[in-house]
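Engineer: Predicted structure and sequence below. I'll ask about it afterward.
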Amino acid sequence: MEETLALFGGIPVFDQKIGYGRQSINDADIQAVIDVLQSDFLTCGPKLEEVERKLCRITGAKYAVLISNGTAALHAACYAASIQSGDEVITTPITFAASANCALYCGAKPVFADIDPETYNISPEKIEEKITDRTRAVVAVDFTGQAVELDQIREICQKHHLILIEDGAHSIGTKYNGTPVGSIADLTTFSFHPVKTVTAGEGGAVLTNDEAFYKKLLLFRSHGITRNENWMSGKSEGGWYYEQMELGMNYRMTDIQAALLGSQLDRLETFAKRRREIVRMYDEAFQEMPEIIVQKEIPQSDTVRHLYLLRLNPERLKAGRKEIFDALTAENIGCNVHYIPVYYFPYYQKLGYQKGLCPNAEALYERLITIPLYFGMSDEDVQNVIQAVKKVLNYYRK
Ligand SMILES: *Cc1c(COP(=O)(O)O)cnc(C)c1O
């Protein structure tokens with residue numbers, strides 16, 4: 001062992017901690033926000049519709065509704081899909097909790113279907129096994145940015161009259177069989193949190209091609225209130241008049257956030273290109289290392305990757321995930337784990353979900369480490385991460 005591990009007193013590969021994800025803000029982004037701050041509207045202004053139109057242009061969806069964050073977008077999508085008490089909603093355990101919580105918000109029960117052990121996305125066959133006469137919807141997550149098996153899942157949904165909600169929090173810019181994510185499922189949600197590919201600070205969106213869903217989304221975003229006479233129970237009583245038609249929320253996005261998002265969306269191609277370059281460098285380095293299993297890509301998905309995962313091969317390593325995670329952290333690499341299976345959380349355990357439910361997801365979780373992937377990484381940063389991973393895994397090699 002030539003180089004000492006930082007964990008045991010050596011010099012870390014990075015002299016300062018780097019995160020696993022990070023936003024990129026340029027002068028145009030800043031100027032877009034300043035312009036709104038100097039305008040007449042901080043919220044409920046013209047920026048929202050402008051950026052919604054931009055999202056429609058990028059994805060090919062008919063309608064886009066900007067929402068305050070990705071979690072609220074999932075809630076709004078479930079509301080639009082009329083999910084309610086007594087319903088079941090099938091989703092993956094390998095996701096951020098919001099993909100399952102959105103069913104709970106509507107009084108429905110999340111049902112977890114296991115993942116494909118190679119792509120890590122929800123398995124269409126496992127979805128079908130979980131369908132009952134209470135199932136109303138599937139929330140399919142494009143995990144790490146790779147599109148789920150949309151053809152198969154749509155077919156299953158059509159056959160069983162289920163609504164397909166695609167959680168695209170990771171996948172803006174990704175195409176499935178040449179069609180952008182956002183225009184394929186009944187409802188698609190995005191998140192614009194700063195670790196995601198494009199950011200609004202906080203932000204989300206729901207996209208759909210269905211006018212009835214669109215109307216429900218608009219109502220739900222703003223208290224269920226409308227000023228549109230066509231949507232009222234009767235006639236408007238005058239210029240001041242509005243009606244609350246349903247029980248909605250205040251899930252509006254501000255014009256400040258929308259301005260930042262609009263500018264970031266103009267950079268999506270640039271972001272996507274760089275993410276692809278970094279993924280290529282990682283894949284080349286890691287594909288030849290037997291200690292690591294590289295995530296499988298399905299040919300239908302032209303992926304803009306949000307996360308890069310190392311899956312450790314226990315047959316080749318004498319240390320577990322925790323030791324390797326700690327060693328990489330000591331090299332100043334801000335690692336993470338995506339994700340702890342949702343039903344492991346105490347809240348879900350209290351609801352009665354048991355460990356053992358999704359064996360592929362549970363086995364994956366034990367071996368996963370997320371390493372840095374973001375637009376601002378230099379080639380040198382990428383090479384340093386690769387060097388650190390090699391150093392740590394060589395040390396723990398069996
Ligand atoms: C980030 C994320 C969300 C939630 O988005 P927020 O904007 O943070 O509320 C939902 N689902 C997945 C898969 C995510 O990664």
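Structural biologist: Sure thing, it's come through.

Engineer: By proximity to the ligand, which residue of the stretch 201-350 of the chain wins?
Structural biologist: Going by C-beta to the nearest ligand atom, the ligand is nearest to Gly204 of the stretch 201-350 of the chain, at 5.2 Å. C-beta here means a position set from N, CA and C on the backbone, and glycine is covered the same way.

Engineer: residue ranges for the strands of the stretch 51-200 of the chain, please.
Structural biologist: In the stretch 51-200 of the chain, the segments counted as strands under DSSP state E, counting those that start in this stretch are 63-67, 88-91, 109-112, 135-141, 163-167, 175-176, 179-180, 187-191.

Engineer: Packed most tightly, which of the ones you listed would that be?
Structural biologist: The highest mean neighbour count among the strands of the stretch 51-200 of the chain, using mean count of other C-beta atoms under 10 Å, belongs to strand 187-191: a mean of 30.

Engineer: who touches it?
Structural biologist: By C-beta atoms under 8 Å, 6 or more residues apart in numbering, the surrounding residues in contact with strand 187-191 are 55, 59, 61, 69-71, 73-74, 76-77, 80-81, 163-169, 172, 181-182, 196, 203-208, 210, 213.

Engineer: Drop anything exposed from the residues you listed.
Structural biologist: Taking 16 or more other C-beta atoms under 10 Å as the criterion, what is buried in the contacts of strand 187-191 is 55, 59, 61, 69-71, 73-74, 76-77, 80-81, 163-169, 172, 181-182, 196, 203-208, 213.

Engineer: Show me how this protein divides into domains.
Structural biologist: Domain segmentation of the chain under automatic domain parsing yields 2-22+268-396, 27-265.

Engineer: Now tabulate those domains in CSV and tack on mean pLDDT.
Structural biologist: Below are the domains of the chain laid out as CSV (pLDDT from 0 to 100):
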stretch, mean pLDDT
domain 2-22+268-396, 95
domain 27-265, 98
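
Engineer: Could you look over those domains and pick the most buried one?
Structural biologist: Most buried among the domains of the chain, counting by mean count of other C-beta under 10 Å: domain 27-265, with a mean of 20.

Engineer: How far off centre is that one?
Structural biologist: Mean C-alpha position of domain 27-265 versus that of the full chain (C-alpha atoms, centre = their mean, to the nearest Å) differs by 11 Å.

Engineer: Over to stretch 313-333?
Structural biologist: Offset of stretch 313-333 from its chain centre (C-alpha atoms, centre = their mean): 26 Å.

Engineer: Quick check: end-to-end length of it?
Structural biologist: This stretch, stretch 313-333, spans 20 Å end to end (C-alpha to C-alpha, to the nearest Å).

Engineer: From the rest of the structure, what touches that stretch?
Structural biologist: For stretch 313-333, contacts defined as C-beta under 8 Å, 6+ apart pick out 5-7, 12-18, 290-293, 312, 335, 337, 366-369, 371-372, 385, 388-389, 391-393, 395-398.

Engineer: Give me the nearest residue to the residue of the chain found nearest the ligand, chain neighbours excluded.
Structural biologist: The ligand sits closest to Gly70 of the chain, with a gap of 2.4 Å, by C-beta to the nearest ligand atom. Once flanking residues are discounted, Gly70 sits nearest to Ser191: 2.6 Å by C-beta to C-beta, 6 or more residues apart in numbering.

Engineer: Make sure the residue of the chain closest to the ligand is actually in contact with Ser171.
Structural biologist: No - using C-beta atoms under 8 Å, Gly70 is not in contact with Ser171; the gap is 11.8 Å.

Engineer: for the ligand, what are the nearby residues on the stretch 101-250 of the chain?
Structural biologist: Proximity of the stretch 101-250 of the chain to the ligand, by C-beta under 6 Å from any ligand atom, involves residues Val141, Asp167, Ala169, His170, Ser191, His193, Gly204.

Engineer: ok, so what distance separates the first one from Ile324?
Structural biologist: Here Val141 is placed at a distance of 25 Å from Ile324 (C-beta to C-beta, to the nearest Å).

Engineer: ditto for the second one
Structural biologist: Distance check for Asp167 against Ile324: by C-beta to C-beta, it reads 29 Å.

Engineer: Same question for the last one.
Structural biologist: Applying C-beta to C-beta, one obtains 34 Å for the distance of Gly204 from Ile324.

Engineer: quick one: contacts for the residue most central in space within the chain?
Structural biologist: Centre of the chain computed as the mean C-alpha position; nearest residue by C-alpha atoms, centre = their mean is Ala169, 2.3 Å away. With contact taken as C-beta under 8 Å, 6+ apart, Ala169 is in contact with Gly70, Phe96, Ala98, Val141, Asp142, Thr189, Phe190, Ser191, His193, Lys196, His306.

Engineer: Nearest to Tyr241, out of those residues: which one, please.
Structural biologist: Using C-beta to C-beta, Thr189 is the member of the contacts of Ala169 that sits closest to Tyr241, with 32.2 Å.
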